[in-house]
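K.L.:
sequence and predicted structure are below.
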Amino acid sequence: MNEILWTLLQPSAVLVLLVALALVATWLRWHAIAATLLTVFLLAVAVVVLLPVDEWLGSPLETRVAAATLPASVDGIVVLGGAVDWQVTRERGQLSLNAAGERIAAAAALAQRYPEARLIVTGSFADAFADDLRPVPSDASLFFGPHFAGRTVSYLGASRSTYEDALLTLAEAEPRQGETWLLVTSAWHMPRALGTFRAAGWTLAPVPVDYRTTGELRVAPDWDVAATLADLDRLVREWGAIAVYRSEGRMVVD
């Protein structure tokens, strides 16, 4: 039910609903109502085009958690899911990453930097990485190298939410007191992710990646409405998830 609600509350869904209602009103010959709905629709699109709404919503999330100074040694690296395009990966037989692909790229780079560290990838099944994160490359490999030789890599494909990420990863890692673990996820997702892991009793060093905002609130037209709406959908959903997690006590708020 919550999934349906958040889908309907996304900006793109609201715009589609406005147009649909305007068409219904036109069919019923409620011309004044149809004109009002279309006016609201056009004003909303104008706001998306002319104002940096995505920066307003995204920048506070991406600047809330600063990247940790990388230590000399690390016991483990946790990479949160959401970076793999499952359908394309399955059909093409090659790892296909989506817009959050920096999470996996950062994981590979950190694995090379810390060859002794354990690597845990949540929301992902091992078969998606059959040709990757391994010492010897195949024709389909994207991420490989000797730093993956003998390394323990765990895939927690059963995880379907940030809350499950924290619980399942904690159970898998069984971190001992004094160990240093890194948490890798998109910068806009890091506040909720880090807070959720802390609520589970585990504090990791944050490594935010996949920044989407510049941090500069410049008013300049952006005519790529589809891309902007996609960003707004993601950010509205994230802010909503933060509100839910806070109300349910699933995350620790600084």
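P.N.:
That came through, no problem.

K.L.:
please enumerate the strands of this structure.
P.N.:
Assigned by DSSP state E, the strands in the chain fall at 76-79, 118-122, 153-156, 181-186, 205-209.

K.L.:
mind putting those strands into a markdown table with mean neighbour count and distance to residue 230?
P.N.:
(Glycine included, C-beta is placed from N, CA and C.) As requested, the strands of the chain are exported to a markdown table (neighbours: other Cβ atoms under 10 Å; distance: least, Cβ to Cβ, whole Å):
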| stretch | mean neighbour count | distance to residue 230 |
| --- | --- | --- |
| strand 76-79 | 26 | 23 |
| strand 118-122 | 24 | 23 |
| strand 153-156 | 19 | 27 |
| strand 181-186 | 25 | 14 |
| strand 205-209 | 21 | 19 |
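
K.L.:
can you put these in TSV and add distance to residue 130?
P.N.:
Formatted as TSV, the strands of the chain follow (distance: least, Cβ to Cβ, whole Å):
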stretch	distance to residue 130
strand 76-79	17
strand 118-122	13
strand 153-156	11
strand 181-186	21
strand 205-209	24
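
K.L.:
including mean pLDDT and distance to residue 253, could the ones you listed go into TSV?
P.N.:
Output for the strands of the chain, formatted as TSV (pLDDT from 0 to 100; distance: least, Cβ to Cβ, whole Å):
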stretch	mean pLDDT	distance to residue 253
strand 76-79	96	20
strand 118-122	95	22
strand 153-156	92	25
strand 181-186	97	17
strand 205-209	97	15
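
K.L.:
does residue 142 touch residue 96 like I think?
P.N.:
No - using Cβ atoms under 8 Å, residue 142 is not in contact with residue 96; the gap is 9.2 Å.

K.L.:
among the strands of the chain, which is nearest residue 131?
P.N.:
Comparing those by their distance to residue 131 (Cβ to Cβ), the top pick is strand 153-156, with 13.2 Å.

K.L.:
show me what that closest one is packed against.
P.N.:
strand 118-122, helix 162-173 (3 or more Cβ pairs under 8 Å, 6 or more residues apart in numbering; DSSP states H and E).

K.L.:
that strand pairs with which strands, parallel or anti?
P.N.:
Using DSSP bridges, the strands paired with strand 153-156 in its sheet are strand 118-122 (parallel).

K.L.:
now the partner strand against helix 162-173, angle please.
P.N.:
In terms of direction (axes from the mean of the first three to the mean of the last three Cα atoms, to 10 degrees), strand 118-122 departs from helix 162-173 by 150 degrees.
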